[in-house]
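1. predicted model and sequence follow; I will ask about them next.
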Amino acid sequence: MTNLYQQLSQDIRFIEGMKACLNCGTCTAICPAAEFYDYQPRKIVDTLQSKDEAAIEALLKSDTIWYCGECMSCMTRCPRGNAPGMLIIALRSLSQELGYFVESEKGRQQLAVKRTVGEWILKYGYCLYPSQISPENHPEQGPIWEWEHKNIEGVMNRLGANYEKTGPGILRKIPQEALDEIRAIFEVTGGMDRYDKIEEFSRMKAAEMGLDLKEGMDNDYIRHIYTTNSPKHSRDHED
Amino acid sequence: MKIEGKQMIWKEYQKEIASDNFFYVRSCVRQNFFPGSEKTFLRIMRDELQKDVFENASHTTCSGIGYHSDIVPIETTMTMIARQFALMTEAGKENFTTSCITSFGLYNEVLETWHHFPDVEERVRQNLLKATGRSFNKPKNISHASDVIFHFRKEIADRGKFTLTDHRTGKPLRVVEHIGCHYSKMFPSKGVGGAEYPYVLAGMIEDWGGEVIDYPERRHCCGFGFRQYLVKANRGYSIACSKKKFESMESYSPDMILTNCPGCPMFLDRWQYAISEMEGKTYGGNGQGIPVLTYEELAGLVLGYNPWDLGLQVHQVPVEPLLDKMGVPYDPGMKFKGANGEDLGMPEAPSYLNFYPETA
């Protein structure tokens, strides 16, 4: 069994994104997440280059690695060519492989992402699909989306889409052969294993928390992880 | 000599953009929220400019939103991208253009990774072959669809019926542009103007008669943040980013915001609505918002296309103030009609945002 640092070192994002950090803090200064959350990308890189196994394990189980928005503004600005955003992707990948993600409030949210975007990719061939973007889950979309959602076929037809029809075009029905190919790619390359791990570790965590977890989004565990937002995450929180 | 010298200095900020024979891949976000924009891109390319733009119905998501929300492993995403390249290869094309900035960033990232790690490319080739039986050539040229519109911006201006000027005063309209982080922050050499001087939208604005506003938070993220928007509990991050930009641009009184990425116009449009509902605050004066347009929509307006054919009716922030300034004619009664005048009802008016200006 290799240690955590060694496992991270095998990730291509880690190889590309981790040079020696001089702790200048430029990444934190430019980071949108650092303005909002109790978060400093500089500390992430510094923890990693310390190779302190206990500290890395704590990081993998923490909320901290889930605050980044992956905008990659840090990648442009680091004077040493580090890419903290890439390191975050490597950390999140390992956290899910090891099941550590369920140990934090923000990490547990991965099941909600898997059950929405993750399943839409396989079912529809799109990351987003209009019939699934409900006004209830997306009040910020406003009355315009309520109107569109209610009249989706009429609106898409008016705007020249090929919604749920065969042939090329906007929101066309992706041919079954193409969906079969996507599924095969996920099976061959570890995508399906990742989905299974997210499900399995979440199922165990839900049982531990005493929350009901069934298929789909209409259950206690999903509602909990989709909406819970503790004050502790804020940059301005008081301990 | 001076011009040559300047051209030499700016060479690293330029990129080669193909002129014809494109393989086009669509954007998940743009298809959902701004379908008229993709329709307009193809209308301009095929009908106005007589270019060959090919689309294969079997192309799919690149899985980019799944990758950047960390549920999809990189091996999977690289192979999904390899499949798109295989469809391009089978179509006999070499110029790949995408409607999506997340995809554009990932295509560049994957090609860069394969360049530095040929063994990874070989593994992806084997994975693709095993999963689909397909093989691929890498594209000779990769562009975002906005690069292509930028490339033809002068031709569009030449054919234009309207300019970015206030037709009542003759003054240039003041335009805020928003590039989208993954266009050039990761791989600056892949975007027009790089990360420091992104020019892809500014070039359109200038050539179509407008004035580009420089403001402090011009390069700040719109706040998508992938999981920071996808999960309801995290959306405070997303709206806070957009609000930071609105507060920063407000004093410059922009007439519109022009966007590059498919997601950014959605967030900059919808968060103006959400902020108005939460705080009663609007940023456009007189209870109006600041209209947010995609580059395809703006090109369509310049070319004189019907605003409702462009999809401007599916914006939560009404665009009529901009149309009035440009002198673009429109029929308010047809705004929310379906094809052939089908009655689709009307959206409810927001609490504070002036949504039906003609009746306000």
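-> Yep, that arrived.
2. please report how far the nearest residue to A:Ser131 once chain neighbours are set aside lies from A:Gly167.
-> Excluding its sequence neighbours, the residue lying closest to A:Ser131 (CB to CB, 6 or more residues apart in numbering or on different chains) is A:Ile152, at 6.5 Å. For every residue, glycine as well, the C-beta is placed using N, CA and C. Going from A:Ile152 to A:Gly167 by CB to CB, to the nearest Å gives 19 Å.
3. got it, and B:Thr113?
-> 34 Å.
4. higher neighbour count, the two?
-> Ranked by neighbour count (other CB atoms under 10 Å in any protein chain shown), B:Thr113 and A:Gly167 place B:Thr113 first, with 18 against 10.
5. I'd assumed A:Ile12 was in contact with that one.
-> Yes. B:Thr113 lies in contact with A:Ile12 (CB atoms under 8 Å); the separation is 6.1 Å.
6. contacts only, for the residue nearest to A:Ser131.
-> A:Pro130, A:Ser131, A:Tyr163 (CB atoms under 8 Å, 6 or more residues apart in numbering or on different chains).
7. would you mind listing what in the stretch 251-360 of chain B touches chain A?
-> Taking CB under 8 Å from any CB of the partner chain as the contact definition, the stretch 251-360 of chain B meets chain A at B:270-271, B:273-274, B:308-309, B:311, B:314-316, B:336-339, B:342, B:344-350, B:355.
8. of those, just the buried ones, ChimeraX syntax please.
-> In ChimeraX, this line selects whichever of these come out buried by 16 or more other CB atoms under 10 Å in any protein chain shown:
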select /B:270,271,273,274,308,309,311,314,315,316,336,337,338,344,347,350,355
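9. let me see the ranges of the strands in the stretch 51-200 of chain B.
-> B:53-54, B:95-98, B:141-144, B:174-178 (DSSP state E, counting those that start in this stretch).
10. oops, could you answer that again for chain A instead?
-> Read by DSSP state E, chain A holds no strands at all.
11. which residue does it bring closest to chain B?
-> A:Gly69 (2.7 Å; CB to the nearest CB).
12. thought that residue was touching B:Gly223?
-> Yes. With contact defined as CB under 8 Å, A:Gly69 counts as touching B:Gly223 (7.3 Å).
13. and the chain, what are its domain boundaries?
-> If you meant another chain, say so; for now it's chain A. A:4-103, A:107-228 (automatic domain parsing).
14. wait, chain B
-> B:18-145, B:153-330.
15. kindly reformat these as TSV containing distance to A:Gly216 and mean pLDDT.
-> Below are those laid out as TSV (distance: least, CB to CB, whole Å; pLDDT from 0 to 100):
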stretch	distance to A:Gly216	mean pLDDT
domain B:18-145	16	98
domain B:153-330	16	97
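16. still on that earlier bit, nearest to B:Lys190, of the domains of chain A?
-> domain A:4-103 (12.4 Å; CB to CB).
17. endpoints of the closest one, how far apart?
-> 17 Å (CA to CA, to the nearest Å).
18. tell me who's in contact with the residue located most distally from the centre of chain A.
-> Note on chain A: the largest C-alpha distance from the chain mean falls to A:Arg158, namely 33.7 Å (CA atoms, centre = their mean). Contacts for A:Arg158 (CB under 8 Å, 6+ apart) come out as B:Trp308, B:Lys337, B:Gly338, B:Ala339, B:Glu342, B:Leu344.
19. what about chain A, any weak spots by pLDDT?
-> A:1, A:238-239 (pLDDT under 70).
20. and the longest helix for it?
-> Counting residues, the longest helix found in chain A (DSSP state H) is helix A:191-209.
21. just the CA atoms of that one, as CSV, please.
-> Only the C-alpha atoms of helix A:191-209 are listed here, as CSV (Å, rounded to 0.1, in the frame of the first residue of the first chain):
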residue,chain,number,x,y,z
GLY,A,191,-15.9,6.4,-14.9
MET,A,192,-18.4,3.8,-13.8
ASP,A,193,-16.2,2.6,-10.9
ARG,A,194,-16.1,6.3,-9.7
TYR,A,195,-19.9,6.5,-9.8
ASP,A,196,-20.2,3.1,-8.0
LYS,A,197,-17.8,4.3,-5.3
ILE,A,198,-19.7,7.6,-4.8
GLU,A,199,-22.9,5.5,-4.4
GLU,A,200,-21.4,2.9,-2.1
PHE,A,201,-19.6,5.2,0.3
SER,A,202,-22.6,7.5,0.4
ARG,A,203,-24.9,4.5,1.2
MET,A,204,-22.7,3.6,4.2
LYS,A,205,-22.6,7.2,5.4
ALA,A,206,-26.3,7.6,5.1
ALA,A,207,-26.8,4.5,7.3
GLU,A,208,-24.3,5.9,9.8
MET,A,209,-26.2,9.2,9.9
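22. does any part of it sit near chain B?
-> Yes. Judged by CB under 8 Å from any CB, helix A:191-209 and chain B are in contact via A:Gly191, A:Arg194, A:Tyr195, A:Ile198.
23. just send those back as a markdown table, with distance to A:Leu111 and neighbour count too.
-> A markdown table is the format used below for the residues of helix A:191-209 next to chain B (distance: CB to CB, whole Å; neighbours: other CB atoms under 10 Å in any protein chain shown):
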| residue | distance to A:Leu111 | neighbour count |
| --- | --- | --- |
| A:Gly191 | 16 | 27 |
| A:Arg194 | 12 | 24 |
| A:Tyr195 | 10 | 24 |
| A:Ile198 | 6 | 24 |
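24. report the buried residues of stretch B:79-90.
-> B:Thr79, B:Met80, B:Ile81, B:Ala82, B:Arg83, B:Gln84, B:Phe85, B:Ala86, B:Leu87, B:Met88, B:Thr89.
25. B:Tyr24 should be in a strand, yeah?
-> Yes. With DSSP: H, G, I helix; E, B strand; the rest coil as the criterion, B:Tyr24 is assigned to a strand.
26. wait, isn't it in contact with B:Asp52?
-> No. Between B:Tyr24 and B:Asp52 no contact is recorded; they are 10.2 Å apart, counting by CB under 8 Å.
27. who's more crowded, these two?
-> B:Tyr24 (23 against 12).
28. excluding chain neighbours, what is closest to B:Leu258?
-> B:Glu177 (4.8 Å).
29. state the distance from that neighbour to A:Ala58.
-> The value you get for B:Glu177 to A:Ala58, if CB to CB is used, is 42 Å.
30. more neighbours: which of these two?
-> Neighbour count, other CB under 10 Å: between B:Glu177 and A:Ala58, B:Glu177 has more, with 24 against 14.
31. show me what contacts B:Val319?
-> Counting by CB under 8 Å, 6+ apart, B:Val319 has contacts B:Pro291, B:Leu293, B:Pro307, B:Leu312.
32. burial of the closest residue to A:Gly81 other than its chain neighbours, as a residue count?
-> Once flanking residues are discounted, A:Gly81 sits nearest to A:Lys19: 5.3 Å by CB to CB, 6+ apart. Residues lying near A:Lys19 (other CB under 10 Å) number 13.
33. contact partners for A:Lys19?
-> Taking CB under 8 Å, 6+ apart, one finds A:Arg80, A:Gly81, A:Asn82 in contact with A:Lys19.
34. selecting buried members of these in ChimeraX, what would you type?
-> Remark: buried members of the contacts of A:Lys19, expressed as a ChimeraX selection using 16+ other CB under 10 Å:
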select /A:82
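35. what's around the closest residue to B:Thr294 other than its chain neighbours, how many residues?
-> Nearest residue to B:Thr294 in three dimensions, chain neighbours excluded: B:Ser37, at 4.4 Å (CB to CB, 6+ apart). For B:Ser37, the neighbour count with other CB under 10 Å is 29.
36. which neighbouring elements make contact with the regular element (helix or strand) spanning B:Ser37?
-> Under the criterion of DSSP states H and E, B:Ser37 resides in helix B:35-42. Here helix B:35-42 touches helix B:28-33, helix B:145-151, helix B:295-302, helix B:307-310, going by 3 or more CB pairs under 8 Å, 6 or more residues apart in numbering or on different chains; DSSP states H and E.
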